[in-house]
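Asks: Just a sequence and a predicted model for now, questions to come.
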Amino acid sequence: MPPLTPAGLLAAVAEVTPSRVQDFLRHLVEVSTSAQQVGSVAPLRSFVHIWAVYVAIQRYPARAARLRHLEELVSAGVEDPTDAVGEIREIHTNAEAEAGLGPGRAAGP
């Protein structure tokens, strides 16, 4: 995992999914503006959390593909989504743990 900073996460996003760099930068500008407006680093912490989990998932192509498949199953609305939603939660929980963002841990820039 990269350092949990905007620069570290940007480098990781550029490596694992270069097509998402512009989304990352756009989101960073949005949260930076929001943080200034509200006078809080909370939006930046949320940003780091979101992108750290994203990177943790994308680092493993099979896991990223499985997540996409599960999300498609849920979106299709054809099957009972209970098992798929549970597996999606598990993927996210594992990614949070790999990024060092488990319960009670604050993500920060």
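Replies: Here it is on my side, so go on.
Asks: List the contacts of the residue sitting furthest away from the middle of the chain.
Replies: Within the chain, the residue lying farthest from the chain centre (CA atoms, centre = their mean) is V78, at 26.5 Å. With CB atoms under 8 Å, 6 or more residues apart in numbering as the criterion, no residue contacts V78. Heads up, the C-betas are built off the backbone N, CA and C, glycines and all.
Asks: Tell me the secondary structure at it.
Replies: Following DSSP: H, G, I helix; E, B strand; the rest coil, we place V78 in the coil state.
Asks: Ramachandran angles for it?
Replies: Dihedral pair for V78: phi -90, psi -40, per degrees, to the nearest 10.
Asks: Equivalent analysis for T5, please.
Replies: phi -130, psi 160.
Asks: For the residue nearest to Q58 when sequence neighbours are not counted, give me the pLDDT.
Replies: Spatial nearest neighbour of Q58, excluding adjacent residues (CB to CB, 6 or more residues apart in numbering): V16 at 4.3 Å. Predicted confidence (pLDDT) for V16: 96.
Asks: Quick one: low-confidence residue ranges for the protein.
Replies: Scanning the chain for pLDDT under 70 picks out 103-109.
Asks: Distance of the residue positioned nearest the centre of the chain relative to R89?
Replies: When CA atoms, centre = their mean is applied to the chain, the residue found nearest the centroid is Y54 (2.9 Å). Note on Y54: its distance to R89, by CB to CB, to the nearest Å, is 16 Å.
Asks: would you list every one of the helices in the protein?
Replies: For the chain, the helices defined by DSSP state H cover 6-16, 21-38, 42-58, 61-76, 82-98.
Asks: Check those helices for me and report the most buried one.
Replies: For the helices of the chain, average neighbour numbers computed from mean count of other CB atoms under 10 Å are highest in helix 42-58, which has a mean of 20.
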